[in-house]
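Undergrad: Predicted coordinates and the sequence they were generated for:
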Amino acid sequence: MTVRLTTTRPSQLEMAIALQQATLDVIAASSGLRSFTSSMHPRAGCPVSTCRLFPSGVIQVRVVRDYVRAAFAGHAACGDAVLVASELAANSIVHCPNGQDDGMFMVHLAELDSDHVAVVVTDQGGSGVPCERHAGPDAESGRGLTVVRLLTSSLEFFDTGRSTSALAVIPSPGNQA
């Protein structure tokens, strides 16, 4: 007699597909990216972009920084984009329900024009949309979203119940408002 066990837990492939779809939905719905539709990268009329799936784990924050630094090498907004992506990835790892064990998150990067880049971080959802905290002078955490807001021209969060995405548009240092 063969007993087949079934589980409601999605496979890693199913999770990856869901994260990719959620990220693409965020990009399509974002008001922060609409202002760039007329100034897209000259190649094929769309931004140069790349995405990568990361397993949850604290060490992945460094891997995300390296990934962003390589993808935006030579772009004026690279340094700020590295910091923004690092903070958003750390939030995903800490606050995602699967953050410690078998969770995953996706980082999607796009060069919008010569002065702006976009970073989208999508995870498997948590307890709603992140909010800024006011950290005391001796606090070890609570400043990340404040730093991200200061470095971005647009920061939007999307919560579908199954995934949470953060979309940040980062201007080059000379173009910050």
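TA: Here it is on my side, so go on.
Undergrad: Show me the shaky parts of the chain.
TA: 1-48, 96-101, 126-143, 175-177 (pLDDT under 70).
Undergrad: Confirm L150 sits in a helix?
TA: Yes: assigned with DSSP: H, G, I helix; E, B strand; the rest coil, L150 falls within a helix.
Undergrad: so where do the strands sit in the chain?
TA: 48-55, 104-113, 116-123, 154-159, 164-171 (DSSP state E).
Undergrad: Isn't V64 up against A89?
TA: Yes: using CB atoms under 8 Å, V64 is in contact with A89, at 4.2 Å. All C-beta atoms are positioned from the backbone trio N, CA, C, and that covers glycine.
Undergrad: neighbour-wise, which of those two wins?
TA: A89 (27 against 24; other CB atoms under 10 Å).
Undergrad: Okay, the more buried one and V61: tell me how far apart.
TA: 5 Å (CB to CB, to the nearest Å).
Undergrad: likewise R69?
TA: Applying CB to CB to R69 and V61 gives a distance of 13 Å.
Undergrad: Tell me how many other residues crowd L151.
TA: Under the neighbour criterion other CB under 10 Å, L151 is assigned a count of 20.
Undergrad: Give the intersection of the neighbour lists for V64 and A89.
TA: By CB atoms under 8 Å, 6 or more residues apart in numbering, V64 and A89 have these common neighbours: F54, V107.
Undergrad: if we can go back for a sec, between R69 and V61, point out the one with more neighbours.
TA: Shown here are R69 and V61; by other CB under 10 Å, V61 has more neighbours (18 against 14).
Undergrad: Pick the most deeply packed of the strands of the chain.
TA: Highest mean neighbour count among those (mean count of other CB atoms under 10 Å): strand 116-123, with a mean of 28.
Undergrad: Counting by contacts, list what that one packs against.
TA: Using 3 or more CB pairs under 8 Å, 6 or more residues apart in numbering; DSSP states H and E, the elements in contact with strand 116-123 are helix 12-29, helix 78-95, strand 104-113, strand 164-171.
Undergrad: neighbouring strands for it, and are they parallel or not?
TA: In the sheet, strand 116-123 lines up against strand 104-113 (antiparallel), strand 164-171 (antiparallel) (DSSP bridges).
Undergrad: now the shortest one against strand 154-159, angle please.
TA: In this case it means strand 164-171. Per axes from the mean of the first three to the mean of the last three CA atoms, to 10 degrees, the angle that strand 164-171 makes with strand 154-159 is 170 degrees.
Undergrad: Cool, thanks, signing off.
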